[in-house]
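Student: This is a predicted model, with the sequence first.
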Protein chains: 2
Amino acid sequence: MPTVESTITTMARAARSAATQLGRASSEQKNAALMAIAAGLEKKAALIQAENRKDLIQAEENGLSAAMIDRLSVKDETISSMISGLFEIAALNDPVGAMGPASIRPNGLQVARMRIPLGVIGIIYESRPNVTVDAAALCLKAGNAVILRGGSEAFHSNQALAQTIGQALNDSGLPQTSVQVVPLREREAVLALLGQEDLIDLIIPRGGEGLIRFVAENSKIPVLKHYKGVCHIYVDDEADPEMAQEICFNAKVQRPGVCNAMETLLVHKAVADDFLTRMCGQFAGAGVEIRGCDLTRRIFPDAKKAEESDWAAEYLDLILAIKVVDDLDAAIDHMAAYSSQHTEAIVTRNYDRARRFVREVDSSVVLVNASTRFNDGGQLGMGAEIGISTTKLHAFGPMGLEELTTTKFVVHGSGQIRK
Amino acid sequence: MPTVESTITTMARAARSAATQLGRASSEQKNAALMAIAAGLEKKAALIQAENRKDLIQAEENGLSAAMIDRLSVKDETISSMISGLFEIAALNDPVGAMGPASIRPNGLQVARMRIPLGVIGIIYESRPNVTVDAAALCLKAGNAVILRGGSEAFHSNQALAQTIGQALNDSGLPQTSVQVVPLREREAVLALLGQEDLIDLIIPRGGEGLIRFVAENSKIPVLKHYKGVCHIYVDDEADPEMAQEICFNAKVQRPGVCNAMETLLVHKAVADDFLTRMCGQFAGAGVEIRGCDLTRRIFPDAKKAEESDWAAEYLDLILAIKVVDDLDAAIDHMAAYSSQHTEAIVTRNYDRARRFVREVDSSVVLVNASTRFNDGGQLGMGAEIGISTTKLHAFGPMGLEELTTTKFVVHGSGQIRK
């Protein structure tokens, strides 16, 4: 009977060996494998959904919320969206092997950087089974082997997806162990994975803050982290008021449950009266609960009083904190104190303030006159994303294929030696 | 009486606040500060050397080796070299604020990446006091605050350097806490530093493998690691034999004690007889001890027998392991098994093999027809380096100013909202 530890080590060794082959695979080979996975999902949809039903029955027995059961459910549309995701990733440029500009050193050496895969990536995530396919496809396209560890509530769904992916890889002549799903439900399996620092190059956790903190605290392997999105918009006194209102409404209401939705609105005191009267009216009409500073409550008396904890809150809901500020400096200071370095925007027609905001606000995406909702790999032109990093090492902001790679130096000489 | 923990936390908070100001400082301000540090070192040379003598006396009492005492010693030339290093770093391009190419999204959003400082960097190193000045200057130029923790044997030297640097920063109008040297000798101070994950963004250890493993195992902060350099050269049967001999001799003998010196030579069997006869003769004349495989020993009977451990050894000395291999595949397989992913070179006139070597060898620097000794930030055109990373996250290979920064996304719009 193999132990949890030995099972994970065996998987990590197999991944390492697959990574060597994958790193040398051509884009054609990798794209063919992605297409084979898509075909496999289509063919085995009924089987995958039958396995998914086992998870759903278990979830109902365990009393999971309707929202969680919905996220766990592999519907026909879920399969279609997995398949279209695979087509999308196959269509992206392959970053591997691309070379940057070459420079010639005084001694004639030609020096350039070549993009290469990271090697083996571990992904630890919660319930949604579509992550299994999306994450596997992105890692594969970037030439990395991947070990996936989904939530135990999606156990049967993920195993069925893993079998389909493995079969497709095998049929395409790429190592079947390029994509592996951990076949263990125990939490020890996560700890065992996080201890494989000699075989795994990077861990990406995807899920709530609790999961991410658990992974960051227990990992001996570098972790790319996404904590939370406490996103701000600052409406300047030189903002176009209609534009500001449209942007703020979009950032809060279009999809309140996501990390790039606005959580705090800062408004310059000189325009607070006019702007907040109309803005809060529109928010109230859309069912947004306002928690404001004293000035906000004087302008919009229906607002609740914002407590200190509101300035740091990621509501992920139709709730908004509002503060009236003296000027741009006060807005920037407020963000420095409370933002999660995720996404911040300014609305202004003032050139100098736009430039200062861009330069001084320390967040992964800073926007001028646009909604915070654009912090997304697809929206920023990077193609599909594997997540958003809110810490600065290796990647800061949305992570696409390129962020799943690194570079090495390639030096071409004609016999140069060091004097 | 403050505890170790509270002293380090206070330093880290001060560094974080300095980092905000430094991140906004212009290149002119930062360069002026570097020049002020240089002037300060010149003016206070006698005082620094007097403090250094305290360390040297202690080192002799503690029975440190002559080589270690030499590295600890701040001679007149040490001060001059610190000063010229500062001039060199002031002359480098400032990476902060530089923007990459901008793309326009279909909705008109303009998207680009801006290079920004990492924030606060912790550097943990062993005896040489010149690291104090070099590392501080590189971090400062890249807009980062830095906390330095040198070896306890250099305690007085580093404190004197810290005072000089602090005074110069103050005179230049930059926060004095931009550069801080830990004023504690206890090892707990290192542990306390490694636990400041909310205030410090990156740890760079510089020193022997023991120090680096200790830091990597105990850090909650991301670490850029340089383990060791087990560098290989593969001499192909289509190599220019004279070029191969010059390159191999340079890579082993020019400076054997450094991480980019060759430690293992692989030779194609078809040319082993001729090549190794001449090569080993030249090595023997330079006092290089050869540890060879059976074939090598048949060609050069003075060679000792290479044990399994020799293939993984970083000698840092006039010792070389030599293996005769069947072909390029065997050479690549040997490197995959034993290399430290630091630096590997091929000598060949064969186009396909050069291309395969470049693509398939998984090391931070791969060279064709040039000495491994070129894995160095200055030699590759990056300017001064803060170290060489042998792991892949964030940086792989020599790390210059750019590797002490990251990028954020800057988005300019005209009222765009997400549909």
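Tutor: Great, that's in hand.
Student: care to break chain A down by domain?
Tutor: Structural domains annotated on chain A: A:4-227+A:398-410, A:231-374, as defined by automatic domain parsing.
Student: Centre of the chain to the last one, how far?
Tutor: Going back to what we said before, that points to domain A:231-374. The chain centre lies 23 Å from the centre of domain A:231-374; the measure is C-alpha atoms, centre = their mean, to the nearest Å.
Student: So residue A:409 versus residue B:206, what's the distance?
Tutor: Relative to residue B:206, residue A:409 is positioned 20 Å away (criterion: C-beta to C-beta, to the nearest Å). Glycine gets a C-beta too; all of them are placed from N, C-alpha and C.
Student: Select, out of the domains of chain A, the one closest to chain B.
Tutor: With C-beta to the nearest C-beta, the closest approach to chain B among the domains of chain A belongs to domain A:231-374: 3.0 Å.
Student: Report whether the closest one contacts chain B.
Tutor: Yes: remark: domain A:231-374 sits within contact range of chain B at A:240, A:243, A:246-247, A:249-251, A:254-255, A:336, A:354, A:358-360, A:362-371, A:373-374, by C-beta under 8 Å from any C-beta of the partner chain.
Student: what's the residue lying closest to residue A:300 once chain neighbours are set aside in contact with, if anything?
Tutor: Once flanking residues are discounted, residue A:300 sits nearest to residue A:280: 3.9 Å by C-beta to C-beta, 6 or more residues apart in numbering or on different chains. Applying C-beta atoms under 8 Å, 6 or more residues apart in numbering or on different chains, we find residue A:280 in contact with A:290, A:296, A:299, A:300, A:302, A:303, A:322.
Student: returning to what we had before: from the residues of domain A:231-374 next to chain B, list the buried ones, please.
Tutor: Among those, those scoring as buried are A:240, A:243, A:246-247, A:249-251, A:354, A:358-360, A:362-371, A:373-374 (criterion: 16 or more other C-beta atoms under 10 Å in any protein chain shown).
Student: Could you tell me which of those residues are located in helices?
Tutor: Within these, membership in helices is found for A:243, A:246, A:247, A:249, A:250, A:251, A:354, A:358, A:359, A:360, as judged by DSSP state H.
Student: Nearest residue to residue A:142 in space, please, no chain neighbours.
Tutor: Take residue A:142 and drop its neighbours on the chain: the residue closest to it by C-beta to C-beta, 6+ apart is residue A:404, 3.8 Å away.
Student: Over to residue A:318?
Tutor: Ranked by C-beta to C-beta, 6+ apart and with sequence neighbours excluded, the top spatial neighbour of residue A:318 is residue A:288, at 4.7 Å.
Student: any idea where the strands of the stretch 151-300 of chain A begin and end?
Tutor: With DSSP state E, counting those that start in this stretch applied, the stretch 151-300 of chain A shows strands at A:179-181, A:202-206, A:231-235, A:262-268, A:289-292, listed in chain order.
Student: What is the helix or strand encompassing residue A:32 packed up against?
Tutor: In the assignment (DSSP states H and E), residue A:32 maps to helix A:27-43. Counting contacts by 3 or more C-beta pairs under 8 Å, 6 or more residues apart in numbering or on different chains; DSSP states H and E, helix A:27-43 is packed against helix A:76-91, helix A:130-141, helix A:155-171.
Student: Contacts for it, please.
Tutor: Outside helix A:27-43, the residues that touch it by C-beta under 8 Å, 6+ apart are A:22, A:48, A:79, A:82-83, A:86-87, A:89-90, A:94, A:96, A:133, A:136-137, A:140-141, A:143, A:161, A:164-165, A:167-169, A:171-174.
Student: CA-only coordinates of stretch A:172-187 in CSV, if you can.
Tutor: Provided in CSV are the C-alpha atoms of stretch A:172-187 (Å, rounded to 0.1, in the frame of the first residue of the first chain):
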residue,chain,number,x,y,z
SER,A,172,-1.1,12.4,-29.5
GLY,A,173,2.3,11.0,-28.7
LEU,A,174,3.0,13.3,-25.7
PRO,A,175,3.7,11.8,-22.3
GLN,A,176,0.5,10.8,-20.5
THR,A,177,2.0,12.1,-17.2
SER,A,178,2.2,15.6,-18.7
VAL,A,179,-1.1,16.2,-16.9
GLN,A,180,-1.9,14.3,-13.7
VAL,A,181,-4.7,14.7,-11.2
VAL,A,182,-3.9,13.7,-7.6
PRO,A,183,-6.1,10.6,-7.0
LEU,A,184,-6.2,11.2,-3.2
ARG,A,185,-8.8,13.1,-1.2
GLU,A,186,-6.7,13.6,2.0
ARG,A,187,-5.4,17.0,2.8
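Student: Fine, thanks again, bye for now.
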